[in-house]
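In: This is a predicted model, with the sequence first.
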Amino acid sequence: MSAVVVNNHLETGMRRHMLGILALGTAALLAQPAWAAYPEKPIEIVIPWPPGTETDVGTRVLAAAMSKRLKVPVQVINKPGAGGVIGITDFVKSRPDGYTLAQGNVGPLVSQVVAGNTTYGMGDVEPIGLFNTQPYLLVGRGDAPYKNMQELAAFAKGSAKELAIGNFGPATVPTLSVNRMAIASGWKFKGVVFPQTNFSQIQSGDVDLIVVAYPVVAAQIRSGQARALVAMSPKRINVLPDTPTTREAGFDFDVSIWSGLFAPKGTPGEVLKLLTETLRDALNDPSVRDFEQKSGILHGYIDPAATRRQMESEANGLRPVMTTLGLVKK
C-alpha cells in the first residue's frame, strides 16, 4: 500500500509541475505585445487630399510597393478638406497600432500648425520618413514680358496694376514661398485662390501667373504656351533642367514641398522600425522609379530624426513671413 501511495504522490506532483509549466507558457504567450505579429491585417494610409492629385497617385504607387513587402494590403483612404487639416485631424485620433498611417506634407503638418488652424501639433505624429518632393512651379504665359524672377520683379514694380497669381490659399507653402520671393524683391501681388490651379485660369485672363504642380502644366510647358519661372524644390527638376530653384534664382532659402509617411503618436518602436525599413526599400521599387521619371517628382528617403528636424526648421522659417502677412492667429 505504501508503494502505491508514494507513486500516487509522485504522479500528482508531476502533474502539478507540468500544469505549472503550461500555465507559465500560456501566460507568456498572452503577455506578448499586440504588435508581435505585425502586420496581420490591412494597413490604411490616410491622404488628406482629393483623389487624382499627383500626391494621391504617387502615394498609391508607393502603397502598392509597400504592400508587396509587408505581405498585407496597404490601402489608401482620401479624407480631403481645409488644406489637409481635416484628414490629419482624424488621423491623429487613430489607435497607435501601425494600422492607420497618413501621407502628410509641409502644409497640414507645419504651415497650418504655425497658423493656428489645427487642434493638433507637430508632436502628435511619429515620422516614418519623408519620401518625395513635389515639383511646384511659378508659371506664366510663354509670351509674357518676363522670363525669370528678376524680370518678373522689374515688371511688377513698374506696372500700374498688381499682378494676380492663382494659388491654393495664402497659408499653403507654395504661396508662402512666392510671398517670400516677392517681399525680398520689393513687389506685391494679388492672390486668387482656386481649389486646383491650371493653365486655363491664365488663358481666361483670371490671373497672370499660377502656382502649380508640374504634371498639371507639363503639356503647356512643352508646347511653349507656358513658362516656368522658378522651381520650388531643393534641386532642379529632372524634366525641367533649365528652370532654376529659388536659391539659384537669387533668394537665400530653399523650398521643399515634401511628402512623408507618419504614424500616430505612441506607435510602438518595433512597428515604426519595420515601417521605416519598408518605406526606404519600397522607394527602390521599379514602379516608384518609373513614376518619378514620368511625373518629375523627386524621390528620396529622409529618416525620422531628420524629418523631425526639417519640420521644426521649416516652422521657424515660415513663422516670420506668416506673421508679417497676418496669417498667424493671435
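Out: Happy to help now that I have it.

In: contacts for stretch 50-62?
Out: 45, 47, 49, 76, 78, 80, 103, 105, 131-132, 134, 196, 213, 215-216, 259, 279, 282-283, 287-288, 291, 295, 297 (C-beta atoms under 8 Å, 6 or more residues apart in numbering). Quick note: C-beta positions are derived from backbone N, CA and C, even for glycine.

In: Where do the strands of the stretch 151-300 of the chain begin and end?
Out: Ranges of strands within the stretch 151-300 of the chain are 163-167, 189-193, 209-213, 226-232, 258-264, 298-302, based on DSSP state E, counting those that start in this stretch.

In: Report the backbone C-alpha coordinates of the fourth one in CSV.
Out: What it means is strand 226-232. What follows is strand 226-232, C-alpha atoms only, in CSV (Å, rounded to 0.1, in the frame of the first residue of the first chain):
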residue,chain,number,x,y,z
ALA,A,226,3.6,78.3,-70.6
ARG,A,227,6.9,79.2,-69.0
ALA,A,228,8.2,78.0,-65.6
LEU,A,229,10.0,80.9,-63.9
VAL,A,230,11.2,79.1,-60.8
ALA,A,231,11.1,75.6,-59.3
MET,A,232,10.1,75.4,-55.7
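
In: for it, packing partners?
Out: strand 136-141, helix 149-158, helix 173-185, helix 214-223 (3 or more C-beta pairs under 8 Å, 6 or more residues apart in numbering; DSSP states H and E).

In: Which one, of those, ends up nearest to R309?
Out: Checking the helices and strands packed on strand 226-232 against R309 by C-beta to C-beta gives helix 173-185 as the closest, at 17.2 Å.

In: buried residues in the closest one?
Out: Across helix 173-185, burial judged by 16 or more other C-beta atoms under 10 Å covers V173, P174, T175, L176, S177, V178, N179, R180, M181, A182, A184, S185.

In: Same check on stretch 51-58?
Out: Residues of stretch 51-58 classed as buried: T53, E54, T55, D56, V57, G58 (neighbour count, 16+ other C-beta under 10 Å).

In: Tell me which residues of stretch 307-324 come out buried.
Out: Going by neighbour count (16+ other C-beta under 10 Å), the buried part of stretch 307-324 is T307, Q310, M311, E314, A315, G317, L318, R319, V321, M322.

In: if I look at G84, how far off is R69?
Out: Counting by C-beta to C-beta, to the nearest Å, the separation of G84 from R69 is 27 Å.

In: Then V328?
Out: Between V328 and R69 the computed distance is 41 Å (C-beta to C-beta).

In: hmm, back to that, for the buried residues of stretch 307-324, name the two members farthest from one another.
Out: Greatest spacing in those, by C-beta to C-beta: T307 and V321 (22.2 Å).

In: quick revisit: of all the buried residues of helix 173-185, which comes closest to L275?
Out: Distance to L275, by C-beta to C-beta, is smallest for V173 among the buried residues of helix 173-185, at 25.1 Å.

In: The closest one contacts S259, doesn't it?
Out: No: using C-beta atoms under 8 Å as the test, V173 is too far from S259 to be in contact (11.8 Å).

In: follow-up on the earlier one: for G84 and R69, indicate the residue with more neighbours.
Out: Using other C-beta atoms under 10 Å, the more surrounded residue of G84 and R69 is G84, with 26 against 15.

In: Could you check how far S259 is from I237?
Out: Taking C-beta to C-beta, one finds S259 at 15 Å from I237.

In: and what of Q203?
Out: Between Q203 and I237 the distance is 23 Å, computed by C-beta to C-beta.

In: Please apply the same query to P80.
Out: Plainly put, P80 is 25 Å away from I237 if you go by C-beta to C-beta.

In: what about the two, which has more around it?
Out: I237 (21 against 16).

In: lowest-confidence stretch among the strands of the stretch 151-300 of the chain?
Out: Here the lowest mean pLDDT among the strands of the stretch 151-300 of the chain goes to strand 298-302, at a mean of 86.

In: who does that strand touch, helix- and strand-wise?
Out: Using 3+ C-beta pairs under 8 Å, 6+ apart: strand 298-302 touches strand 125-133, helix 286-295.

In: Let's see that with 6 Å instead.
Out: Judged by 3 or more C-beta pairs under 6 Å, 6 or more residues apart in numbering; DSSP states H and E, strand 298-302 is in contact with strand 125-133.

In: nearest residue to G121 other than its sequence neighbours?
Out: Distances taken as C-beta to C-beta, 6 or more residues apart in numbering place V113 nearest to G121, at 6.1 Å, with adjacent residues excluded.

In: That neighbour and V239, how far apart?
Out: To V239, V113 is 32 Å away according to C-beta to C-beta.

In: Neighbour count: those two, which is higher?
Out: Neighbour totals were compared for V113 and V239, and V113 leads with 22 against 17 (other C-beta under 10 Å).

In: Now name the helix or strand holding that one.
Out: In this structure, V113 sits in helix 112-115 according to DSSP states H and E.

In: Quick one: mean pLDDT for that helix?
Out: Average pLDDT, helix 112-115: 95.
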